[in-house]
Every structure is written in structure tokens, then in C-alpha cells.
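Novice: Just a sequence and a predicted model for now, questions to come.
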Amino acid sequence: MTVSTIELAVIGGTGLYKLADLQDVETHQPATQYGAPSGPIRVGTLDGHRVAFLARHGEGHSLPPHKINYRANLAALKALGATRVLALNTVGGITERFGPRVLACPDQLIDYTWGRISTVCEEEGTEVLHIDFGEPYTCALRGEVLAAAQRSGVALVDGGCYGATQGPRLETRAEIARLRRDGCDLVGMTGMPEAGLAREMGLDYACLGIVANWAAGAGPDPDEVITLQDVLDHVAAASSGLPALLRALLDSAGRG
């Protein structure tokens, strides 16, 4: 495999299955020691910058959160030459700053998932790693994302704690109340083990949380029923500024 410079790898979550503005797209499906990634990796250019995109759930949303091969996804992106990963995660909002249609860049997370392969140390004979994970997202990349949002005029909430739950079902009101007591501002199903694996693989990693709905019992109307159409509408609205943000982020990397 020929490895070339990829300035940014983007992993898309629910409702985000492609980068529409990507030009001169090539399709890659690299095999990895962990198996196959979620689907084809689309590599192209965005304003002259080389970008890779992978749909985390598959381009047809065929993979539930607990069945995603997170290790293969990240290993495949790394094999193609990526060193920086921007994760797009569709999430629910728990606290007041994180209502529907908000775009957030969390700085902390709590892992409530279980049964997922969460380390590259799984196989017998592999080196045992004890990574520093006190700051789960790469501080420098987070800073670049926040600065890019400011330059592009995209509203982005700085900080917040992402609670990663097992899924694929949504959470009960009692579970969301617990997450709130634990200090979580956002809830999603794919934030881990992806972030931890990125750290183990030496990849810079940051998250953009796209708030699709209030979590159960968290909003101004505790009896609100969440519909799929509402979620898709909120995701589309919250992600409308992503192209401008990505362009600003890539331009800053090019000047650096």
C-alpha cells in the first residue's frame, strides 16, 4: 500500500455518511490486522487539502455501536497515512448548554460501555500499554478545532463531558439522571473505545458532538417523544457549518 499524506481523517456518525464537498475521490478498503473497517474509506481533496472520510456505522448505517470494529477503522486510516482524526459523533444533550442543534467540542468523557474490544493489547503476545488518558482528546487538535470555528464563524461550545453508553437503545430517564450526577453533558454510543484506541495508536484525536435531541427527561419538556425525523433535522442543522469549519481547520494546518 502506498502511504501518502492525509492532512485530516474524518469519521462520520449517525446521519453523516459522506463529505459532499470532497473532490477527486478515491476509494480504499485496506485490510488490517484487526479485520475490515466499517466500509470504504473515501480519500479526496477539499480545497487542495487531502482528506479521508469513513462512515463509522457503514455508509448504509448497517453497524450498531457495539458491533463497530473500532480498531480496524483507526488502523485502516493510519495505514493510509492519517495522523489526525476528527470524530463526528451524533449525541443527546443532558445539560443546559447542549440542546438540540448545538455543535460541541468536549474535553472529557466517561466510558459506560461494556464487552467491546477496547485496546490494541487484546491479543496474546502484544505489548501491554498503559497510556496516559487524563485528557482523552488531543489538546493541540482541540485547540485548532476551536480556533477554526471562531475564524469561520461557526458556533461551537467549548468543553463538556461525553458519556459513552452501550446502545443501540436510547437511555432511560434514570440512566440520564445518573449521567448528569456523574458530570456528563452529552451522551452518545460511539465515543469509546474509539478515543482510547486512537491514543494507543498514536493518533491525534478530537471530537465534534452534534446534538440531535435532548436526552430522556433532560429537556424543557420531559415528556417529549423523540422521532427519527426530528433527529435527522437537528443533525442537518447542527452540521451545516461543518464544511466551513473543516476548511478553516485545514487552512490553518497548511499554514503551520
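Specialist: Happy to help now that I have it.

Novice: Next one: Gly159 from Leu245, what distance?
Specialist: Distance, Gly159 to Leu245, using CB to CB, to the nearest Å: 17 Å. (Each C-beta comes from the backbone N, C-alpha and C, glycine too.)

Novice: who has more neighbours, these two?
Specialist: Leu245 (23 against 13; other CB atoms under 10 Å).

Novice: Make sure that one is actually in contact with Ala155.
Specialist: No. Counting by CB atoms under 8 Å, Leu245 stays clear of Ala155, with 10.1 Å between them.

Novice: Find residues that contact each of the two.
Specialist: Residues touching both Leu245 and Ala155 (CB atoms under 8 Å, 6 or more residues apart in numbering) are Ala149.

Novice: All the helices of the stretch 1-150 of the chain, residue numbers only.
Specialist: Here the stretch 1-150 of the chain has its helices, by DSSP state H, counting those that start in this stretch, at 70-79, 139-152.

Novice: next SSE after the longest one?
Specialist: When you say that, I think you mean helix 139-152. strand 157-158 (DSSP states H and E).

Novice: Now that next one: average pLDDT?
Specialist: The pLDDT scores in strand 157-158 average 98.

Novice: Run through the neighbouring helices and strands of it.
Specialist: strand 103-105 (3 or more CB pairs under 8 Å, 6 or more residues apart in numbering; DSSP states H and E).

Novice: quick one: the most centrally placed residue in the chain from Thr227, how far?
Specialist: With distances taken as CA atoms, centre = their mean, the residue of the chain nearest its centroid is Ala87 (2.6 Å). Using CB to CB, we find Ala87 at a distance of 26 Å from Thr227.
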